[in-house]
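In: Dropping a prediction and its sequence here:
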Amino acid sequence: MDNLLTFSLTVFTGFFAIMNPIAGIPVFVALTEGADNQTKKRINKKATTTAFMIVFVFILLGKFIFELFGITIPAFKITGGILVFYIGFEMLQSAKSTVKHLRKVEVNEEISISPLAIPLLSGPGTIVTAMNFVTNADFIRISIVIFIFAIMCFLTYLSFRLSDNIVEKIGKNVIGVLEKIMGLIIAIIGTNMVIEGIIMAFALY
């Protein structure tokens, strides 16, 4: 029982460090700026549900999917890192960019899929982390990983749902600063993914 508790805490900590629902608020606010509340709710629900389904599939079939398409983890991390870096770089720009044009969500709500669901919520880091937890795991531990990731998605949903209230409390200027900071952090995370992928690919230990 103690082992399962320790495993559960480890899984929760790992997912929380990767996803961080609170830190994702500036990203959600930036991408949904100008949208009405109903549209934001739809985007929020679709993004978190899609993220859960993506990771759920990879938890159960990840190894098979990788083998079927000949995908390697280094290639996955490098590609995902480039995508994550691009999103972060776009957030750092002062002028409106191609990503921020997607904020016109009353016309295009596909930001719920990309970049919110993937790569931001269920990117390479999250997928690889989930797959690592279930490698050689029994049914109980696999169920724990799925359950805890569902909790993380729900916490993310709540943080996005309350994003407007949080913005009202701390102000748009602070959110704007946080958006830039998050853009920088996301770009750095993307760069780190690329570096890790290269190190893994060429065994540069």
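Out: Everything's here; your move.

In: can you give me the helices for the protein?
Out: Per DSSP state H, the chain carries helices over the ranges 2-19, 25-31, 37-69, 73-92, 124-134, 139-161, 163-170, 172-202.

In: can you list contacts of the fourth one?
Out: Okay, so that is helix 73-92. Helix 73-92 is contacted from outside by 27, 30, 66, 97-100, 115, 119-120, 123-125, 127-128, 179-180, 182-198, 200-201, using C-beta atoms under 8 Å, 6 or more residues apart in numbering. C-betas here are computed from N, CA, C, even on glycine.

In: dump the residue contacts of the most centrally placed residue in the chain.
Out: In the chain, the residue lying closest to the centroid (C-alpha atoms, centre = their mean) is Leu121, at 1.7 Å. Neighbour list for Leu121: Met19, Gly24, Ala47, Thr48, Ala51, Cys153, Thr156 [criterion: C-beta under 8 Å, 6+ apart].

In: Then Ile18?
Out: Contacts of Ile18 (C-beta under 8 Å, 6+ apart): Gly125, Thr126, Thr129.

In: Looking at the residues you listed, state which has the most neighbours.
Out: Thr126 (24 neighbours; other C-beta atoms under 10 Å).

In: for that residue, what are its contacts?
Out: Per C-beta under 8 Å, 6+ apart, neighbours of Thr126: Phe15, Ile18, Met19, Ala51, Val55.

In: repeat for Val128
Out: Counted by C-beta under 8 Å, 6+ apart, Val128 has contacts Ile73, Phe76, Lys77.

In: Buried ones from the contacts of helix 73-92, can you make that a ChimeraX selection?
Out: The buried residues among these can be selected in ChimeraX (16 or more other C-beta atoms under 10 Å) with this line:
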select :27,30,66,99,100,115,119,120,123,124,125,127,128,179,180,182,183,186,187,189,190,193,194,196,197,200
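
In: thinking again about what came up before, confidence-wise, which of the contacts of Thr126 comes last?
Out: Among the contacts of Thr126, Ile18 has the lowest pLDDT, at 79.

In: returning to that earlier point: for the contacts of Val128, which one is nearest Thr39?
Out: Nearest to Thr39, judged by C-beta to C-beta, of the contacts of Val128 is Phe76 at 31.8 Å.

In: Just the pLDDT for the closest one.
Out: 79.

In: what's the burial count for it?
Out: So Phe76, with other C-beta under 10 Å, has 19 neighbours.

In: same question, the one 3 residues further on
Out: When neighbours are counted by other C-beta under 10 Å, Thr79 registers 16.

In: Kindly report the same for Thr6.
Out: 10.

In: and the spatially closest residue to Val84 that is not a sequence neighbour, what does it touch?
Out: Here the nearest residue to Val84 in space, its sequence neighbours aside, is Gly190; by C-beta to C-beta, 6 or more residues apart in numbering that works out to 3.4 Å. Counting by C-beta under 8 Å, 6+ apart, Gly190 touches Gly80, Gly81, Ile82, Leu83, Val84, Phe85, Tyr86, Ile87, Gly88.
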